[in-house]
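J.: Prediction below, plus the sequence it came from.
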Amino acid sequence: MELFDVYPLYDVTPEKAKGCYVYDNHGKKYLDLYGGHGVISIGHSHEQYVSAIRDQVEKMGFYSNSIKNPLQVSFAEKLGSVSGCEAYNLFLCNSGAEANENALKMASFETGKSKVIAFEKAFHGRTSAAVAATDNKKINAPINSQQEVVFLPLNDAELLEKELLKNDVAAVIIEGIQGVGGLNQGSTAFFQDLERLCKQYGAMLILDEIQSGYGRSGKFFSFQHHGIQPDIISMAKGMGNGFPIGGILISNRIKASYGLLGTTFGGNHLACAAGHAVLNVIEEESLMENVNTVSSHFLERIKEVDGIISIKGKGLMLGVLFDFPVSEMRKALIFEEGIFTGGSADPNLLRILPPLSVTKEEIDSFVEALKRVLTKITNKETRI
């Protein structure tokens, strides 16, 4: 049997990782400025995180949600405290796609409606309702077309209100900062209009914080930069630092009932232990403060690099935009400089999603490497 071949793979085989570094099977060291799609929040193999999972698996790895699990309760309390979102209730699942699937389902239950408004270049996952709300026809199978979704441009409150006026919208779903779509984001004025219009027309506002949450923007959730309160918040990625965990925060004015949502593995003992450790480290090591400090340093240092059109995003969820495709640059950064970076739907955008513990010195290493790679690329084009 062979693997179902759906991933284009770089010829790198990681064997271990620590902090912001990954080591391959030949012992080569790589600076990880992509964090496995923004999943690694507190750094690879953090001792407190590893100990929490090890200790828990020795006690109990899993039992079903048909019995009490005090770890879920303590995790919810800790999450409310660290995030500042104590006026919400937590439902735990396993991934970002599941989180958005359950968020959309909750909005439909609450409103009795089925239509969804999403935004151009959005990515919300690959499960049925989540992928229907994703602006990418290539990954929407015919079965997903049963969901009615309208895609609107960001930052156009007038068009948004025209759709909401039809009074058939269950939810408006929006990423705090678009990840796959190219680090696009709504303005503060737009997010505030969004909150106001959803309340006015009875639609649920869902904030997809799967990539932009958990401290990556410099606040726990990126919507907190705009002074709004969504009805539902979806989370995953950095939530488990590599252990599969996702969840939604549901406004406590929305009432639960038995059987409304469910999951086999969601909120299992190991996931809760991992999630609790992540929150402890974010708080104890002041990682959100580090995000703001290192992000400011990045924005200063990157000015030294010629040929950049703009910097997109916020905190340590950044995109460096060039006027040419970055695929060759990314390969050179990996194989010549030993640095992992990411791409996006915009072929000219280099995506930076390091662990929140990344240092100024590591950013300096990246900037110098980027200068060297750009010089080589420019010289090659000149010779041609």
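T.: Right, received. Where do you want to start? Since the model is a prediction, treat every value here as computed from it, not as a measurement.
J.: so how far does stretch 231-250 reach from one end to the other?
T.: End-to-end distance of stretch 231-250 (CA to CA, to the nearest Å): 6 Å.
J.: what pLDDT, on average, does that stretch get?
T.: Mean pLDDT, stretch 231-250: 98.
J.: same deal with stretch 11-22?
T.: Here stretch 11-22 scores 96 as its mean pLDDT.
J.: distance between it and the chain's centre?
T.: Distance, stretch centre to chain centre, for stretch 11-22: 21 Å (CA atoms, centre = their mean, to the nearest Å).
J.: CA atoms only: put that stretch into PDB for me.
T.: Taking C-alpha atoms only, stretch 11-22 is exported to PDB below (Å, rounded to 0.1, in the frame of the first residue of the first chain):
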ATOM      1  CA  ASP A  11      12.700  16.500   0.200                       C
ATOM      2  CA  VAL A  12      13.200  17.000   3.900                       C
ATOM      3  CA  THR A  13      12.600  14.400   6.600                       C
ATOM      4  CA  PRO A  14      12.400  15.900  10.100                       C
ATOM      5  CA  GLU A  15      13.300  13.600  13.000                       C
ATOM      6  CA  LYS A  16      13.300  15.900  16.000                       C
ATOM      7  CA  ALA A  17      12.600  19.500  16.900                       C
ATOM      8  CA  LYS A  18      13.200  21.900  19.800                       C
ATOM      9  CA  GLY A  19      12.200  25.500  20.300                       C
ATOM     10  CA  CYS A  20      12.200  27.200  16.900                       C
ATOM     11  CA  TYR A  21      14.400  24.600  15.300                       C
ATOM     12  CA  VAL A  22      13.800  21.300  13.300                       C
END
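J.: Not counting its own residues, what contacts that stretch?
T.: For stretch 11-22, the surrounding residues in contact (CB atoms under 8 Å, 6 or more residues apart in numbering) are 23-25, 29-33, 43-45, 334, 340, 354-355, 357-359, 362. Bear in mind the C-beta positions are built from the backbone N, C-alpha and C, glycine included.
J.: Likewise for stretch 286-299?
T.: With contact meaning CB under 8 Å, 6+ apart, stretch 286-299 is reached by 41-42, 215-220, 281-282, 311, 314-316, 318, 352, 356-360, 363.
J.: Now do the contacts for the residue nearest the centre of the chain.
T.: For the chain, the residue nearest the mean C-alpha position is Q211 (0.8 Å; CA atoms, centre = their mean). Neighbouring residues of Q211 by CB under 8 Å, 6+ apart: H37, G38, G96, E175, I177, G179, K237, M317, L353.
J.: sorry, back to before: show me the contacts of stretch 286-299 that map onto strands.
T.: I311, K314, L318, I352 (DSSP state E).
J.: can you dump the C-alpha coordinates of stretch 50-65 into PDB?
T.: Provided in PDB are the C-alpha atoms of stretch 50-65 (Å, rounded to 0.1, in the frame of the first residue of the first chain):
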ATOM      1  CA  VAL A  50       5.900  17.200  27.000                       C
ATOM      2  CA  SER A  51       5.700  16.600  30.700                       C
ATOM      3  CA  ALA A  52       2.000  17.300  30.800                       C
ATOM      4  CA  ILE A  53       1.200  14.900  28.000                       C
ATOM      5  CA  ARG A  54       3.500  12.200  29.400                       C
ATOM      6  CA  ASP A  55       2.000  12.500  32.900                       C
ATOM      7  CA  GLN A  56      -1.500  12.400  31.600                       C
ATOM      8  CA  VAL A  57      -1.000   9.300  29.300                       C
ATOM      9  CA  GLU A  58       0.400   7.400  32.300                       C
ATOM     10  CA  LYS A  59      -2.900   8.100  34.200                       C
ATOM     11  CA  MET A  60      -5.500   7.900  31.400                       C
ATOM     12  CA  GLY A  61      -5.300   8.700  27.700                       C
ATOM     13  CA  PHE A  62      -8.900   8.600  26.700                       C
ATOM     14  CA  TYR A  63     -12.500   8.000  27.800                       C
ATOM     15  CA  SER A  64     -15.700   9.100  26.300                       C
ATOM     16  CA  ASN A  65     -17.700  12.300  26.900                       C
END
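J.: Give me the buried positions along that stretch.
T.: Residues of stretch 50-65 classed as buried by neighbour count (16 or more other CB atoms under 10 Å): A52, I53, Q56.
J.: Looking at those, which is nearest M1?
T.: Comparing the buried residues of stretch 50-65 against M1 with CB to CB places I53 closest, at 29.5 Å.
J.: you'd agree the closest one is up against V278?
T.: No: judged on CB atoms under 8 Å, I53 makes no contact with V278 at a distance of 10.8 Å.
J.: Report the buried residues of stretch 370-381.
T.: By 16+ other CB under 10 Å, the buried positions in stretch 370-381 come out as L370, V373, L374, I377.
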